[in-house]
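In: quick one: sequence and predicted model below, then my questions.
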Amino acid sequence: MKAGGADGASADSVVMAAAVYVCGGVSSKSRRARTSAELTRKRHLRRRFAEKTRKKRGREDISGDVRLHEIGPFCTCAIICPRLCLYGWQDVIKRVWRCNERGDDVSIKNNIFMIHSWEESQTYLQMIRLLKKGSSKISDYSVPPWKAVEGSDTVIKESINSRISTATAVVVLNTPKLHKRPMSNYEMEVAVAMGKRIVVLQPHKNFWQPIPAILDDHLYRVAPWRSDVLGQAIRGEYPQDGRVFDIAEETERRAVVKTICLAGSIISIALIIKSATAFKKLAKDLEKEGVKLDFTKTGAKVLKFAAGGALVASTLAAILTRDTEAASSAAIAGGLVGAAFGGYRVYRAALNGTSHLRILSITPS
């Protein structure tokens, strides 16, 4: 994969090549004077532009003096060969002005590796284009579907290790099912092991999307869907992020626990209603035969089953999810399941006319 955004030869090499090209003609003394005046005027305009930009944005790193190391060799060659100014000076000025306008430091290169699901390849491509539009000093070492690495698992992992080691920052394009993709998990593990600057890019209009567990306590910054904020995070211009985000795996477990609790509660309520109706009918039939049921002791036994079910369910939910809301839902569902089971036991004991289960008291009238 070619490194995106590379300028090829250095500024000095371009200067020397241009000098060789233009040295065929030496200008007259008058043309040299006009070129010198033009050079002074453009240098003055460039410094004015840099000063205006610095005051507007409050950035001390985009003053005109920062760019002199790039233009200096060009100016020297231009004095010797004025034709160079006619053909190449404007391109250099435009390039430096674009860097000043964006606030780039032309001497710093940012290599990124973006971890993403191949199902979100268009989203990845959109953000890469926005990043390169905002900064010319971005090189992408990611592996999108159209640049997939071919070979065995060992070859693929070696290539990924090399790309991540080259990257100055690792961007994680966070999506709901990213942690279920084995290769994405491997890429995140490698980035964490290498101690890379990890930036999580959240989906559009979903800033609080849960993050994978492997990234917990290893994040540098969580960025919204904005290329300017992501660019600053890649360059390390923000402090360490102290915000707390949910863990994707725990969020999924909570959703599963709540679904099970809801289904168990509905089924338990239906069984409780059925058992209560059958128990009342049985009580009326026994009363006709001269047998009176003690509902106080029967209700106490049912409540014991309900309490036991609530305790067991809430404990399991707390261990699995570490969430009080999920534990509360599980406690309610467990209580209903215990009550349904206890009611069924009471009904069966009364129906069989036995008391060996110790949950029913039948007293002859």
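Out: Okay, I see it.
In: pretty sure Glu158 sits in a helix.
Out: Yes: secondary structure assignment places Glu158 in a helix (DSSP: H, G, I helix; E, B strand; the rest coil).
In: that one and Glu187, how far apart?
Out: With the distance defined as C-beta to C-beta, to the nearest Å, Glu158 ends up 13 Å from Glu187. C-beta here means a position set from N, CA and C on the backbone, and glycine is covered the same way.
In: can you check Ala255 too?
Out: Separation of Ala255 from Glu187 (C-beta to C-beta) stands at 25 Å.
In: kindly report the same for Pro144.
Out: Look at Pro144 and Glu187: by C-beta to C-beta, they are 13 Å apart.
In: what of Arg348?
Out: If you measure Arg348 against Glu187 using C-beta to C-beta, the figure is 57 Å.
In: looking at the two, which is more packed in?
Out: Higher neighbour count among Arg348 and Glu187: Glu187, with 25 against 15, using other C-beta atoms under 10 Å.
In: would you confirm that that one contacts Met114?
Out: No: using C-beta atoms under 8 Å, Glu187 is not in contact with Met114, being 9.6 Å away.
In: quick check: domain ranges of the protein?
Out: Under automatic domain parsing, the residue ranges defining each domain of the chain are 11-102, 110-246, 249-364.
In: distance between the ends of stretch 205-217?
Out: 24 Å (C-alpha to C-alpha, to the nearest Å).
In: list of residues touching that stretch?
Out: With contacts defined as C-beta atoms under 8 Å, 6 or more residues apart in numbering, stretch 205-217 is touched by 172, 174-176, 178-179, 185, 188-189, 192, 198, 200, 202-203, 219, 222, 224-225, 245-251.
In: what about 6 Å?
Out: 174, 179, 188-189, 200, 202-203, 224, 245-249, 251 (C-beta atoms under 6 Å, 6 or more residues apart in numbering).
In: now do stretch 150-162
Out: Contact with stretch 150-162 is made by Val149, Glu187, Val190, as judged by C-beta under 6 Å, 6+ apart.
In: among those residues, which ones are in helices?
Out: Where those overlap with helices, as defined by DSSP state H, the overlap consists of Glu187, Val190.
In: out of the contacts of stretch 150-162, which comes closest to Ala307?
Out: Proximity to Ala307 was ranked across the contacts of stretch 150-162 by C-beta to C-beta; first place goes to Glu187, at 48.0 Å.
In: helices of this protein, start to end?
Out: Using DSSP H, the helices of the chain run over 11-22, 29-57, 68-80, 83-84, 90-102, 121-134, 153-166, 182-193, 227-234, 248-288, 295-321, 324-352.
In: CSV for those, including mean pLDDT and distance to Gln209?
Out: As requested, the helices of the chain are arranged in CSV below (pLDDT from 0 to 100; distance: least, C-beta to C-beta, whole Å):
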stretch, mean pLDDT, distance to Gln209
helix 11-22, 48, 42
helix 29-57, 64, 31
helix 68-80, 47, 41
helix 83-84, 45, 53
helix 90-102, 50, 29
helix 121-134, 87, 13
helix 153-166, 92, 23
helix 182-193, 93, 15
helix 227-234, 89, 15
helix 248-288, 85, 8
helix 295-321, 84, 18
helix 324-352, 83, 19
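In: same list, those, but as JSON lines with distance to Asp241 please.
Out: Below are the helices of the chain laid out as JSON lines (distance: least, C-beta to C-beta, whole Å):
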{"stretch": "helix 11-22", "distance to Asp241": "36"}
{"stretch": "helix 29-57", "distance to Asp241": "23"}
{"stretch": "helix 68-80", "distance to Asp241": "34"}
{"stretch": "helix 83-84", "distance to Asp241": "48"}
{"stretch": "helix 90-102", "distance to Asp241": "24"}
{"stretch": "helix 121-134", "distance to Asp241": "19"}
{"stretch": "helix 153-166", "distance to Asp241": "20"}
{"stretch": "helix 182-193", "distance to Asp241": "15"}
{"stretch": "helix 227-234", "distance to Asp241": "9"}
{"stretch": "helix 248-288", "distance to Asp241": "17"}
{"stretch": "helix 295-321", "distance to Asp241": "24"}
{"stretch": "helix 324-352", "distance to Asp241": "25"}
